[in-house]
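Undergrad: Just the structure for this:
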Amino acid sequence: MTHFLDIHTTDPAALRQIIDSAQAMKSARNGQLRGAPDDEQPLANHMVALIFEKPSTRTRVSFDVGVRQMGGQTLVLSGADMQLGHGETIADTARVLSRYVDLIMIRTFEEQTLLDMAEYASVPVINGLTNTSHPCQIMADVMTFEEHRGPIKGRKVVWSGDGNNVFASFAHAAQQFDFDLVFTGPPPLDPDPALAGMYSTERDPHKAVEGADLVVTDTWVSMHDPQSARERRHNQLRGYQVNEALMARANPDALFMHCLPAHREDEATSAVMDGPNSVIFDEAENRMHAQKAIMRWCLGV
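TA: Just a heads-up that it's a prediction; the model follows:
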């Protein structure tokens, strides 16, 4: 069974295969009509379950469209539809879904929900996001960097802000793709201690970005955070905003990424997001291409 659960649990050779496959599929689509199916239909006669305990725009649309482009069909389920882990155990849900579908993508809260789904499913399971990691996003980010600047190996990537689940997957990727990752953010928002050794820390964001090839940030607040937490995080992170002055300290051709959705003028200014070094919309598009390659790798098609 070939699951895609996290970057650090996937063989580096397989990760490279996925990135190369994603680039090849994106190149093959150039010149095709928007929305046209791929010339190859590797997911023909395949049904993919897309489970969303957390709401989503990019993950839902990119997976749904990607499956359809490859000739497959999707079954989209929300947490309310399934009451996952409440009315029925995750194990039983996994066993039942495996009788109906060929692949399961799940976007959930707790990492254990993902792990239980993978343990008991008899079809491949893909991590669409948990509170712990977001591997599909970072595969798209690596793909985006390499299509603009070449191999990411040996490059310097700087993360400014909260050491959250997206950062965790960046740390996993730094280890697997062999690039240098620097975290700059306030101590209360340091990354998970389990990631120690996968990155370095520089509290001064202006020092951190010196020599950077890529500067990355993410939203300061989650949709589930109470108002008191939102205010506290703004106070903590105000000095880590990615603005023109900060980008000016990075390499002249340094790229800027943000996984979106963004709160403009909070974690990053519009001048940076819409500037010449920003690749945020290529990054968003590449979610679909990277995930198509992940699905093909999981199914061996």
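Undergrad: Excluding its own residues, what touches the lowest-mean-pLDDT helix or strand in the chain? List them.
TA: Every helix and strand in the chain was compared by mean pLDDT, DSSP states H and E; the lowest is helix 79-82, with a mean of 79. Contact partners of helix 79-82, identified using CB atoms under 8 Å, 6 or more residues apart in numbering, comprise 51, 52, 53, 54, 93, 108. Every residue, glycine included, has its C-beta placed from N, CA and C.
Undergrad: Of the residues you listed, which pair is most distant in space?
TA: 54 and 93 (16.7 Å; CB to CB).
Undergrad: Among the two, which residue is more densely surrounded?
TA: residue 93 (23 against 19; other CB atoms under 10 Å).
Undergrad: From residue 68, how far out is that one?
TA: 24 Å (CB to CB, to the nearest Å).
Undergrad: sorry, back to before: from the middle of its chain, how far away would the following helix or strand past the least confident helix or strand of the chain be?
TA: Downstream of helix 79-82, the first helix or strand assigned by DSSP states H and E is helix 90-100. Between the mean C-alpha location of helix 90-100 and the chain-wide mean there is a distance of 25 Å, by CA atoms, centre = their mean, to the nearest Å.
Undergrad: Give the buried residues for helix 90-100.
TA: Residues 90, 93, 94, 97, 98 are the ones in helix 90-100 that count as buried (16 or more other CB atoms under 10 Å).
Undergrad: Residue 163 contacts residue 187, doesn't it?
TA: No. Between residue 163 and residue 187 there is no contact under CB atoms under 8 Å: 9.9 Å.
Undergrad: Could you check which of the two is surrounded by more residues?
TA: Using other CB under 10 Å as the criterion, residue 163 and residue 187 rank with residue 163 on top: 24 against 9.
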